[in-house]
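**Q** My questions concern the predicted model and sequence given below.
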Amino acid sequence: MRRYKVPLRRVIFIGVEGPSDRTFVRFLQNCCDEKGLHLHLNVGLGYGGDSVVVVEEAARYLNRHFERRDISDKLVLLDSDRIEQDKQAGRDAQSVASKKNLKLIFLHPNLEGLLLRLHEGHERRRIVNNAEAELRKVWPQYSKQLTADQLKQRFALSDLQRAAQYDDGLKRLLEILGL
């Protein structure tokens, strides 16, 4: 009997702050699968804290779980609305990420702001105040406990691509994934 060698999936590590971000990465995995990309998004879940804590937790996760596996990219998703406050407190996530060989992807201003911009007609929108309140105006059923299936029912890859035209962080993320 002849055995066929199945090519290994390209592994991309994505460190995230919390469960909502993990759900978003699962949605991205669905988009990759639908497009036929041969990759696996491995999520390292942090549990809050400032941006430096999220980056440090992602690095610890990588050290614990990926000693021998080849990872093509190591990313961390961060909310951009916290960065200035963290820098003023002497906490620079970018310098820590550089030392740990991690690439930062900023969500503007946060995940809720990104989800708002995935809605058609809102892709250019810049959120100044409460992104979650603005998102609920467009999507009243939104909950931080959503699932990847709920995101998949609401959005498609085309929504990500449309929003990425106006969001450099999202554009960079989609380029890395091959979307």
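**A** Structure received.
**Q** Which phi and psi values does Arg10 adopt?
**A** When read as degrees, to the nearest 10, the backbone of Arg10 gives phi -70, psi 130.
**Q** count of neighbours near it?
**A** Arg10: 17 surrounding residues under other CB atoms under 10 Å. All C-beta spots, glycine's among them, are computed from the backbone N, C-alpha and C.
**Q** Same question for Lys103.
**A** Neighbours of Lys103 using other CB under 10 Å come to 14.
**Q** What of Gly178?
**A** The burial count for Gly178: 12, using other CB under 10 Å.
**Q** got it, and His38?
**A** Using other CB under 10 Å, His38 is surrounded by 12 other residues.
**Q** Verify the stated contact: it with Ile12.
**A** No: with contact defined as CB atoms under 8 Å, His38 does not count as touching Ile12 (11.5 Å).
**Q** What residues sit buried inside the helix or strand bottoming out on mean pLDDT in the chain?
**A** The least trusted helix or strand in the chain, going by mean pLDDT, DSSP states H and E, turns out to be helix 83-88, with a mean of 84. Neighbour-count burial for helix 83-88, counted by 16 or more other CB atoms under 10 Å, picks out Ile83, Asp86.
**Q** could you point out which element follows that helix?
**A** helix 93-99 (DSSP states H and E).
**Q** can you pull the buried residues of that following helix?
**A** Counting neighbours by 16+ other CB under 10 Å, one finds that the buried residues in helix 93-99 are Ala93, Gln94, Val96, Ala97.
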